[in-house]
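Asker: I'd like to go over a predicted model; first the sequence, then the structure.
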Amino acid sequence: MPHTSGAQTASVPARANQVVPATVTPLTARVARPRHYLMCRPSFFEVTYAINPWMDPSVPVDLDLAMRQWEGLRDAYRALGHTVSFIEPVTGLPDMVFAANGALIVDGKVLAASFLAAERQPEGPAYTRWLAEADMFSEFGTTSTVNEGEGDFLDLDTVILAGTGFRTSRAAHGEAQEFFGKPVVSLQLIDPRFYHLDTAVAILGEHDIAYYPGAFSAGSNAVLRRMFPEAITVDEAEAATFSMNSVSDGRNVVIPVESVRFAAALRDRGYDPIPVELSEFRKSGGGPKCCTLELRW
């Protein structure tokens, strides 16, 4: 069994390569909702292969520092009142620490992950076993093609945003829609540095997001502008701090400590940014969200 612990808005034209300032004064305070997160201790974390542009096996990982940074993220969640459960790491799976990729869980239903890279493929069954043994969820499903869990599927109140282009297949988007019975909107990623949707979009509230436009095709940018006309947007430099790889409970947003301008934009929108240091995990292309799978039921 798992171990647990316990507006009105003003419109400002956006210029290219600019963080859109948070010009909204909320009519009501943001409300945090307690969450339940699954994490995996980075006992075997290292960079021994390269499956995204951030990974360089010639650059060593400081495992002691990585462990302290991971514990800082865990402690930040606990301090915010969230429940944290843990899956045991598996020898030989250095990227298992990136729990977000392990599954997609919506309304008590689990869609198991199926990884593209051979190095990560054993992670999917490991996460599925843990979730089945947790005895929390009503139904389990799979896709016939690649899907990398919450890395490429982001759940909002009425819709699921889904990324494709580098990892998760577009066909898996349709299969996820059939399984969850919830609309899935496909978004085309075009910059290999932002290979998963959760590196380019941050879910802030029920219908409130932030995103990096440069990560998306022209058509997907048009979709995002239509769906989220008041979204915070960030420029390339801010996106490269992994600012979009953040975790929100509706009020508190856990972000990389380097994402200073994004933090200011969040404050102006009524959110409370919670900076954490995860520099070691950026060596593998990860941030707070990558290390966090939300258990929803």
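Answerer: Done, it's in.
Asker: CA atoms for contacts and neighbours, from now on please.
Answerer: Fine.
Asker: Mind jotting down where the helices sit in the stretch 101-250 of the chain?
Answerer: 123-133, 170-180, 218-227, 236-239 (DSSP state H, counting those that start in this stretch).
Asker: Including mean neighbour count, could the ones you listed go into a markdown table?
Answerer: Below are the helices of the stretch 101-250 of the chain laid out as a markdown table (neighbours: other Cα atoms under 10 Å):
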| stretch | mean neighbour count |
| --- | --- |
| helix 123-133 | 18 |
| helix 170-180 | 18 |
| helix 218-227 | 14 |
| helix 236-239 | 18 |
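Asker: Tell me which of those helices sits nearest to V90.
Answerer: Nearest of the helices of the stretch 101-250 of the chain to V90, taken as Cα to Cα: helix 123-133 at 8.3 Å.
Asker: From the contact counts, what lies against the closest one?
Answerer: strand 103-106, strand 109-112 (3 or more Cα pairs under 8 Å, 6 or more residues apart in numbering; DSSP states H and E).
Asker: could you give me the average pLDDT of the first one?
Answerer: To tie it back to what came earlier, the one meant is strand 103-106. Summarised as a single mean, pLDDT over strand 103-106 is 98.
Asker: One more: the last one?
Answerer: Strand 109-112 shows a mean pLDDT of 98.
Asker: how about the CA coordinates for that strand, as PDB?
Answerer: What follows is strand 109-112 as a C-alpha-only set of coordinates in PDB (Å, rounded to 0.1, in the frame of the first residue of the first chain):
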ATOM      1  CA  LYS A 109     -10.200   6.500 -14.000                       C
ATOM      2  CA  VAL A 110      -6.600   5.700 -14.900                       C
ATOM      3  CA  LEU A 111      -5.200   5.800 -18.500                       C
ATOM      4  CA  ALA A 112      -1.900   3.900 -18.300                       C
END
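Asker: Tell me, please, where in the stretch 1-150 of the chain the pLDDT is lower than the cut-off.
Answerer: Along the stretch 1-150 of the chain, segments meeting pLDDT under 70 span 1-28.
Asker: Any idea how far stretch 182-202 is from the middle of the chain?
Answerer: Centroid displacement of stretch 182-202 relative to its chain, using Cα atoms, centre = their mean, to the nearest Å, is 10 Å.
Asker: Turn the helices of the stretch 101-250 of the chain into TSV, including distance to F86.
Answerer: Shown next, in TSV, are these (distance: least, Cα to Cα, whole Å):
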stretch	distance to F86
helix 123-133	9
helix 170-180	25
helix 218-227	34
helix 236-239	29
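Asker: Compare those and report which one is nearest to G286.
Answerer: Among those, helix 236-239 comes nearest to G286, with 12.4 Å by Cα to Cα.
Asker: Average pLDDT for the closest one, rounded please.
Answerer: In this model, helix 236-239 has a mean pLDDT of 98.
Asker: Which secondary structure elements does that helix sit against?
Answerer: In terms of contacts (3+ Cα pairs under 8 Å, 6+ apart), helix 236-239 is packed against no helix or strand at all.
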